[in-house]
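S.K.: Provided below for reference: sequence and predicted model.
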Amino acid sequence: MTAEPVVIDTGPLVALLDEDDPRHGDCQAVYAGLRRPVYTTWPVVTEAVWLLRKTRRGPQQALSLIESGVFVTVDLGPEAARWMRTFLDRYADLRRERTVNDILTLWLACSGWWVFLSDLRSVGCRSVRYSGGS
């Protein structure tokens, strides 16, 4: 079990609650080793509830994790908005393919949080150090 606090992103949350998700087993294995509580953000919960809307009880299960205290939502505060605005300004000339959720996840990872992510290639927890200022 990891000793670090972890923030879960939308992909792993959906995969945990949707048994038909191809990453379900991998995400369950990673989740089993995480320290409790697991942290998340309201944008992640909102997106997960939407993505789980066609599953049996998926939205209710996602909300129950927060209600029971197994997952705790992180209060991001104004420093997160400041960081995200600076990030968007710095990279304004690039194509905007990232969602606000992606940028929130990046901010959390750059702030020293371990983030539970999944993509088409891998499932796992990552932390990065951002050296480009606040």
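M.R.: That came through, no problem.
S.K.: ranges for the helices of this structure?
M.R.: Under the criterion DSSP state H, the chain contains helices at 10-17, 24-32, 42-51, 58-67, 77-90, 100-110.
S.K.: dump the ones you listed into JSON lines; add distance to Phe116 as well.
M.R.: Glycine gets a C-beta too; all of them are placed from N, C-alpha and C. Compiled in JSON lines, those are given as follows (distance: least, CB to CB, whole Å):
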{"stretch": "helix 10-17", "distance to Phe116": "5"}
{"stretch": "helix 24-32", "distance to Phe116": "6"}
{"stretch": "helix 42-51", "distance to Phe116": "10"}
{"stretch": "helix 58-67", "distance to Phe116": "13"}
{"stretch": "helix 77-90", "distance to Phe116": "18"}
{"stretch": "helix 100-110", "distance to Phe116": "10"}
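S.K.: looking at those helices, spot the one closest to Glu4.
M.R.: helix 100-110 (11.9 Å; CB to CB).
S.K.: rounded mean pLDDT for that closest one, please.
M.R.: The average pLDDT for helix 100-110 rounds to 63.
S.K.: now stretch 23-30
M.R.: For stretch 23-30, the per-residue pLDDT averages 89.
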